[in-house]
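# Here is my input; please provide its structure:
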Amino acid sequence: MNILELSEQEIGRRQSLQELRDMGIEPYPAAEFPVNAYSTDIREQFSDDAEPRQVSVAGRLMGRRVMGKASFAEVQDSKGRGHAFDALLGFSASANDMNYFSLKAEGLLTDELKWNNLQGVTNKENLTPYTTNEHVVKESVFARVNYNYRQKYYLTMTGRPERRIFSISSITALYFSRLVL
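Numbering: from 1, shown residues only. All right, here's what the predicted structure looks like:
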């Protein structure tokens, strides 16, 4: 890659990397950390019946989630492909009580009167009131699936069930060629 294509931040990072190497420090991979497993090997060899074993992995921490007593981390190592899936299933509900009042008038002196001027009614017995009470309950289920590959390519799909089928209401694709801050 040509140095003219790099951002100022990338140039600074490469200079810092070269300074470390000039001091005799090799940051990639760190030789002091013993690695005895890779993410692809762990996935391939995993079994519910297998005896637990201790593994040492090294890589970049791409994400973490702490959910009460359970914690999840996504580590990208040198053999990992960098695929990540994330899903969300949601439910929302709302209830509204609506009260309507309307008044119908007949026998106005002229048609030029505005709709809110009931003083123009010659005979008050020609006024007819209407009331309506409406109770509306809305329930909704929705789902979202996110996929990304190496934090560079993103795909998001959102949908909800309608008439016994699941319809996708939104699809978004994104590609980061270079993040500039």
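
# so how far is the longest helix along the chain from its chain's centroid?
Taking DSSP state H as the criterion, the chain has its longest helix at helix 8-22. Put simply, helix 8-22 sits 34 Å off its chain's centre (C-alpha atoms, centre = their mean, to the nearest Å).

# Am I right that Phe101 is in a strand?
Yes: assessed with DSSP: H, G, I helix; E, B strand; the rest coil, Phe101 lies in a strand.

# Give the bridge partners for it, please.
Residues in a beta bridge with Phe101, per DSSP bridges, are Thr131.

# give me every residue that touches it.
129-131 (C-beta atoms under 8 Å, 6 or more residues apart in numbering). All C-beta atoms are positioned from the backbone trio N, CA, C, and that covers glycine.

# And it, how far from Asn133?
10 Å (C-beta to C-beta, to the nearest Å).

# And the pLDDT at Asp111?
Note for Asp111: predicted pLDDT of 60.

# Correction: the previous question concerned Arg81.
Reported pLDDT for Arg81: 57.

# Pull the number of nearby residues for Asn148.
19 (other C-beta atoms under 10 Å).

# Can you show me the strands along the chain?
60-67, 70-76, 83-105, 127-149, 153-162, 165-175 (DSSP state E).

# Point out the most buried one among those.
strand 153-162 (a mean of 14; mean count of other C-beta atoms under 10 Å).

# I would like the residues contacting that strand, please.
Residues contacting strand 153-162 (C-beta under 8 Å, 6+ apart): 140-148, 166-176.

# at 10 Å what do you get?
82-88, 90, 140-149, 165-176 (C-beta atoms under 10 Å, 6 or more residues apart in numbering).

# That one: partners in the sheet, and parallel or antiparallel?
Applying DSSP bridges, one finds strand 153-162 paired with strand 127-149 (antiparallel), strand 165-175 (antiparallel).
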